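In: I need the structure of the sequence given here:
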Amino acid sequence: MIVLPHEMRDTLVEQVNEYIDSLNGVPDAEDVANRMVEIIEAVADEMKLDGADEIILKLESSGQLDASLQEMLEDEFERDEEFEFTGEDLVGLIEKVCELEWSSKEETDDDDDEAEDEEDEDDPDGFFDEIGGDDDEDM
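Out: Residues are numbered from 1 along each chain as shown. Just a heads-up that it's a prediction; the model follows:
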């Protein structure tokens with residue numbers, strides 16, 4: 001399983017919807033699958049995720065896919081003739097096949113609090129904060 005920021009999910013759904021809205025007629029499975037992979041890579045890069053350049057490999061590995069993510073999406077679209085081409089449904093499909101979960105806003109805030117607590121452990125009485133110094137600097 002892989003966990004990505006919830007903000008990424010929101011951005012993916014939005015960008016996929018924009019792409020689907022720009023299409024004329026019935027979407028082509030191969031084109032949509034290719035564009036989905038491109039959107040995922042672009043959003044991961046835009047959000048400056050660690051390992052953004054390998055996000056597709058990480059998703060494929062997380063879902064233990066037998067084929068590439070693009071091929072798996074194409075197959076799913078072709079197999080299910082009634083598949084709804086919406087951002088929500090496409091991202092939901094990726095969540096399912098790649099065992100993808102999203103961190104919630106609260107988890108992100110908790111992580112920030114934990115980082116602050118760790119900093120406080122180095123300077124528990126706040127001595128360096130009071131004098132305006134940084135306890136990580138060499139003297």
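In: can you show me the CA trace of the helix or strand containing Met8 as PDB?
Out: Using DSSP states H and E, Met8 maps to helix 6-22. Included here for helix 6-22 are C-alpha records, laid out as PDB according to Å, rounded to 0.1, in the frame of the first residue of the first chain:
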ATOM      1  CA  HIS A   6      -5.000  14.100   0.100                       C
ATOM      2  CA  GLU A   7      -4.300  17.400  -1.700                       C
ATOM      3  CA  MET A   8      -2.900  15.300  -4.500                       C
ATOM      4  CA  ARG A   9      -6.200  13.400  -4.800                       C
ATOM      5  CA  ASP A  10      -8.100  16.600  -5.100                       C
ATOM      6  CA  THR A  11      -5.800  18.000  -7.700                       C
ATOM      7  CA  LEU A  12      -5.900  14.700  -9.700                       C
ATOM      8  CA  VAL A  13      -9.700  14.600  -9.800                       C
ATOM      9  CA  GLU A  14      -9.800  18.300 -10.900                       C
ATOM     10  CA  GLN A  15      -7.200  17.900 -13.700                       C
ATOM     11  CA  VAL A  16      -8.700  14.600 -14.900                       C
ATOM     12  CA  ASN A  17     -12.200  16.300 -15.000                       C
ATOM     13  CA  GLU A  18     -10.700  19.100 -17.100                       C
ATOM     14  CA  TYR A  19      -9.200  16.700 -19.500                       C
ATOM     15  CA  ILE A  20     -12.400  14.600 -19.900                       C
ATOM     16  CA  ASP A  21     -14.400  17.800 -20.400                       C
ATOM     17  CA  SER A  22     -12.000  18.800 -23.200                       C
END
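In: in the helix or strand hosting Leu57, what counts as buried?
Out: Per DSSP H and E, Leu57 falls inside helix 55-62. Residues of helix 55-62 classed as buried by neighbour count (16 or more other CB atoms under 10 Å): Ile55, Ile56, Lys58, Leu59, Glu60, Ser62. Quick note: C-beta positions are derived from backbone N, CA and C, even for glycine.
In: no further queries at this time; thank you.
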